[in-house]
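# below: sequence and its predicted model.
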Amino acid sequence: MPVLIGKQSFIEKDLRYVIRSAAPEDAAELSALRLRIDGETENLDRVPGEAHLDPAAFREVIERDSALPTNLFLVAEAETGLLGFARCEGSELQRLAHRVTFGVGVLREAWGYGIGKNLLAESIAWADSNGIHKIALSVLATNEKAIRLYERYGFETEGVLKDNKRLADGDYYDTVMMGRLKK
């Protein structure tokens, strides 16, 4: 049985926002949001427009995530609109059903307001309360701030993929694979 989370309210540095489960009505805004976030940082896998999901595709992802007990799709929303999102994607394969992969994206203008941290905390709480044994993620090795955040939440480095990403400067960068086991 899928478990959606209700609205959780936050106030950080005078910014009021909620974190809640994504709804199909968010699809168009999420499509634009992801495209914008992809253009604001090289910490993510995509360049703008790559692997683009239009609103119909986002609606399908949200509906599928809402129906599966191993998936979670969260959004962070302020009065001005969506500021970020996070997903936990699991597997329906029996041997892999104990774990999910976590991913997050936050608009650059919303960095520093605890949005990524709170999306992570809500995802961990959901996983822990829904029988998920492991959360896995990957992070660019140069994203030291994110690595420290993940470590504070119990993630450990499980390996490093050497020269795993080629960024706009033409250089290759390592990716750190991290995991958190339910305590």
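Thanks, I have it.
# going forward, measure contacts and count neighbours with C-alpha atoms only.
OK.
# what's the burial count for residue 14?
8 (other Cα atoms under 10 Å).
# which residues touch the most centrally placed residue in the chain?
In the chain, the C-alpha nearest the mean C-alpha coordinate belongs to residue 104, at 2.2 Å (Cα atoms, centre = their mean). The neighbours of residue 104, taking Cα atoms under 8 Å, 6 or more residues apart in numbering as the test, are 84, 85, 86, 87, 116, 119, 120.
# what pairs with it across the strands?
Under DSSP bridges, the beta-bridge partners of residue 104 are residue 86.
# any low-confidence regions in the chain?
Applying pLDDT under 70 to the chain flags residues 1-3.
# quick check: next helix or strand after the biggest helix by length in it?
Under DSSP state H, the helix in the chain containing the largest number of residues is helix 115-129. Counting by DSSP states H and E, the next helix or strand C-terminal to helix 115-129 is strand 134-140.
# what lies in contact with that following strand?
43-44, 98-103, 124, 127, 146-147, 173-182.
# state the distance from residue 174 to residue 162.
Remark: distance between residue 174 and residue 162 (Cα to Cα, to the nearest Å) = 5 Å.
# strands along this protein, start to end?
For the chain, applying DSSP state E gives strands covering 8-12, 15-21, 72-78, 81-90, 99-106, 134-140, 156-166, 172-181.
# which of those strands sits closest to residue 30?
strand 81-90 (7.5 Å; Cα to Cα).
# what angle sits between that closest one and strand 15-21?
Strand 81-90 and strand 15-21 are oriented at 30 degrees to each other (axes from the mean of the first three to the mean of the last three Cα atoms, to 10 degrees).
# which secondary structure elements does strand 81-90 contact?
Applying 3 or more Cα pairs under 8 Å, 6 or more residues apart in numbering; DSSP states H and E, one finds that strand 81-90 contacts helix 27-38, strand 72-78, strand 99-106, helix 115-129.
# now tabulate the ones you listed in JSON lines and tack on distance to residue 21.
Below are those laid out as JSON lines (distance: least, Cα to Cα, whole Å):
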{"stretch": "helix 27-38", "distance to residue 21": "12"}
{"stretch": "strand 72-78", "distance to residue 21": "4"}
{"stretch": "strand 99-106", "distance to residue 21": "14"}
{"stretch": "helix 115-129", "distance to residue 21": "10"}
